[in-house]
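Chemist: The following block contains a protein sequence and its predicted model.
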Amino acid sequence: MHRDVQMFISPITVKHIERYRLAGKFIAPGSRVLDAACGSGYGSVFLKDCDYVGIDLDGSVLQYASQNYTGTFEQLPIQKVASLGEFDAIISFETLEHLDDPKAGMLALISSLKRGGSLILSFPLNHPDDIYHKTIFTPQKVDQLFVECFGSRTFKRTDFFQSAILIEELKQELTETGEGTLTVHLQEIMD
C-alpha cells in the first residue's frame, strides 16, 4: 500500500483491510471487479491480479487513488454502475447504510453482476450513526434486503462477523444485539 495509508492507519482501516484480504480469497485472478465506494483506492492492492474498477462520490479521494494505485477510478453513484458493464465480482464495504434507498443501491449492484458472479458486502450492525447512516442494519434487515433484491437469482451465503470492540480474526459468529460488522460473501449458484 502507499506509504500514506501505512502512516495513518486506524483501527477502522485495519478492519477494512481484513475485509479486502477476505475478498481476495474469493475472487479469482483475472476477474473484473467493482469496488463500490472504494475511497482512496487501497483495496486495489489486495486485488492486484484483477481488472479493478473503483467508484466513489468523492472526487478528491479518486484523484488520490488514480495517482497512487493501479486500476480504473470513476466518480459515479452506485445507482449508475450499470454504465460500466458487468463484473465477475462486486465489493461494497459499509456503503448501503449511507444511501437514501439501500434497496435501489443493492439492485443496481446485482444488475451489474455477471451470472455466476459473487458479491462481497459488509454492513455495520446496530450502529446508530445519526449523521451519516440513513439505515441502521440488524441481521434481520440484512436478510430482508437480500430477499427483496435477489429475485430469481440464487446465491450461496457465507457470513463473517467482526466485533466492534476488538480487532480480531473474522469469525463465523453473530449476536443479534451486539455492535459489529457483518461481512457477507454471496456466490451465485448456477443450475
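Modeler: Structure's in. What do you need?

Chemist: where along the protein do the helices fall?
Modeler: 3-7, 11-26, 59-68, 102-111, 139-150 (DSSP state H).

Chemist: Tell me the pLDDT of the residue nearest the centre of the chain.
Modeler: For the chain, the residue nearest the mean C-alpha position is Ser92 (1.8 Å; Cα atoms, centre = their mean). Model confidence at Ser92, given as pLDDT, is 93.

Chemist: check contacts around it.
Modeler: Asp35, Ala36, Ala37, Ile78, Leu109, Leu119, Ile120, Leu121, Ser122 (Cβ atoms under 8 Å, 6 or more residues apart in numbering). In short, each C-beta sits where N, CA and C put it, glycine included.

Chemist: Ile189 versus the second one, what's the distance?
Modeler: So that's Ala36. Applying Cβ to Cβ, to the nearest Å, the value for Ala36 to Ile189 is 22 Å.

Chemist: next one: the fifth one
Modeler: With distances defined as Cβ to Cβ, the gap from Leu109 to Ile189 amounts to 18 Å.

Chemist: neighbour-wise, which of those two wins?
Modeler: In this view Leu109 and Ile189 are compared by other Cβ atoms under 10 Å, and Leu109 has more residues nearby, 24 against 10.

Chemist: Surely that one and Ala82 touch.
Modeler: No - using Cβ atoms under 8 Å, Leu109 makes no contact with Ala82, being 9.7 Å away.

Chemist: From Arg115, how far out is Ser152?
Modeler: 11 Å.
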